[in-house]
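Participant: for reference, the sequence and a predicted model appear below.
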Amino acid sequence: MAASTIEAVETTALRFPLSTPITTALSTYTHVDATAVRLRTEGGSTGFGITAGLGGMANEAIKPYIDAELAPLVIGQDALAPEALWHRMWSPNKPRMRAGLGVWALSAVDIACWDLVGKIAGLPVHRLLGGFTDDVRVYGSGGWHSLSDEELISECQGFAKQGITAYKYKIGGPRDRERTELLRREMGDDFTLFADANQRFTVNEALETARVLADHGVAWFEEPVLADSTDDLAEVAAASPVPVATGENVYFGWGFREICDRRAAAYLQPDVGRCGGITEFVKIAHLADAYNLALSSHLWHELSISLVGASRRGFMVEYAELIPPDALTLPFEVVDGRIHVPDVPGHGVELTTDALSRFAVEM
């Protein structure tokens, strides 16, 4: 067998406790739920992938699904053909990969495959995908409903001290206007604010909220309505005085193509651990380029900077430290509001042996 032939697939269910509970318009969360994948080749190379979400116990479904259904399709295949491997996993599993956890599982394996490609080639994934820029601007993300006004401003100012010039906060609660006014007053007119509704509103409610956001110079309105209804999203985008951002709950390039065709968003925010992995993220980046839209990401800046930084339409990456920084083998430090893309073979993201042991969930 060739040195790039995959001989083993190892999965680990993980739970990273948050230092304090956080609340969005959807729910309150106490931990990050994750599933890690390591691919190993005949030649001894390894590739690391991960998918994760806030709260829940998705790993209890994702890990056995990878072990029982995806791993047998991967073992014995060439790691240097990620597109072929992606379709080998997806094609027989279409009914379970319309969206949801099946695609999360596919994404984790695909991320690990691209990591292997980079390591075997001796190149960063960022370079393999185009290498448009070596560092990427980030925006601070938080603004949870569970924060007091003092905590909200303190968090935002903490990001600003790192040279970060934009901050995303949560809306969809009873004090949206007051929190927006407070942030604008305390941070000044030159600081960029993004608002995230987490699918909270109806179309009419979203348009009412958009007018409030516009009055305070908010730069984007994220997930204003149900993510499953592109019709509603397009209606809001057509009438909102604030540009719409969306993508964390959109699957595959096909889902993003509909958003682009309908002009339902100005900012695309794929989550590499959900959208179909790096293979699909690249296709979404090409859509952003073709439709002249801005490409951002949903969470997990550690992986996203390599992908957004490889695209001409790359805008900003969402920055929130949801897992302990010492859980990773490489640091991802913010310097003057930017993170440098890892200049190492692969994508540069991997959990330490200690973290894999310390945060593993017994199954």
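Facilitator: Done, it's in.

Participant: so what are the domain limits for the protein?
Facilitator: 6-122, 127-340 (automatic domain parsing).

Participant: save those as CSV, and put in mean neighbour count and mean pLDDT too.
Facilitator: No exception for glycine: its C-beta is placed from N, CA and C like everyone else's. Below are these laid out as CSV (neighbours: other CB atoms under 10 Å; pLDDT from 0 to 100):
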stretch, mean neighbour count, mean pLDDT
domain 6-122, 19, 97
domain 127-340, 20, 97
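
Participant: what ranges do the strands span in the stretch 51-200 of the chain?
Facilitator: 135-141, 166-170, 192-196 (DSSP state E, counting those that start in this stretch).

Participant: so which of those strands comes closest to V334?
Facilitator: Set against V334 and scored by CB to CB, the strands of the stretch 51-200 of the chain come closest in strand 135-141, at 6.1 Å.

Participant: what strands line up against the closest one, and which way round?
Facilitator: Strand pairing for strand 135-141, determined by DSSP bridges: strand 166-170 (parallel), strand 317-319 (parallel), strand 338-340 (antiparallel).

Participant: got the phi/psi numbers for V335?
Facilitator: phi -130, psi 120 (degrees, to the nearest 10).

Participant: which residue ranges of the stretch 251-363 of the chain form strands?
Facilitator: For the stretch 251-363 of the chain, strands defined by DSSP E, counting those that start in this stretch occupy the ranges 267-268, 294-295, 317-319, 334-335, 338-340.

Participant: so which of those strands gets nearest T24?
Facilitator: strand 317-319 (13.7 Å).

Participant: contacts for the closest one, please.
Facilitator: Outside strand 317-319, the residues that touch it by CB atoms under 8 Å, 6 or more residues apart in numbering are 136-141, 159, 164, 168, 269, 296-299, 301, 304-305, 308, 334, 339.

Participant: before we move on, back to that, out of the strands paired with strand 135-141, nearest to V212?
Facilitator: strand 166-170 (13.3 Å).

Participant: could you dump the strands of the stretch 251-363 of the chain into a markdown table and include distance to E205?
Facilitator: Listed next are the strands of the stretch 251-363 of the chain as a markdown table, based on distance: least, CB to CB, whole Å:
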| stretch | distance to E205 |
| --- | --- |
| strand 267-268 | 21 |
| strand 294-295 | 25 |
| strand 317-319 | 24 |
| strand 334-335 | 35 |
| strand 338-340 | 35 |
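
Participant: for L123, which of the ones you listed is the nearest?
Facilitator: strand 338-340 (16.3 Å).

Participant: residues touching F48, list them.
Facilitator: A36, V37, R38, I111, A112, D115, G346, H347, V349, E350, L351.

Participant: now do the contacts for the last one.
Facilitator: In other words, L351. Contact partners of L351, counting by CB under 8 Å, 6+ apart, are L14, A36, F48, I50, A327, L328, T329.

Participant: closest one of those residues to A68?
Facilitator: Closest approach between the contacts of L351 and A68, by CB to CB: A36, at 17.0 Å.

Participant: can you classify the closest one by secondary structure?
Facilitator: strand (DSSP: H, G, I helix; E, B strand; the rest coil).

Participant: now G49
Facilitator: Under three-state DSSP, the three-state class of G49 is strand.

Participant: max pairwise distance over the contacts of F48: which two?
Facilitator: Top of the distance list for the contacts of F48 (CB to CB): A36 and G346, 14.5 Å.

Participant: show me what the biggest strand by length in the chain is packed against.
Facilitator: The residue-count maximum for a strand in the chain (DSSP state E) belongs to strand 6-23. With contacts taken as 3 or more CB pairs under 8 Å, 6 or more residues apart in numbering; DSSP states H and E, strand 6-23 sits against strand 28-41, helix 59-65, helix 71-74.
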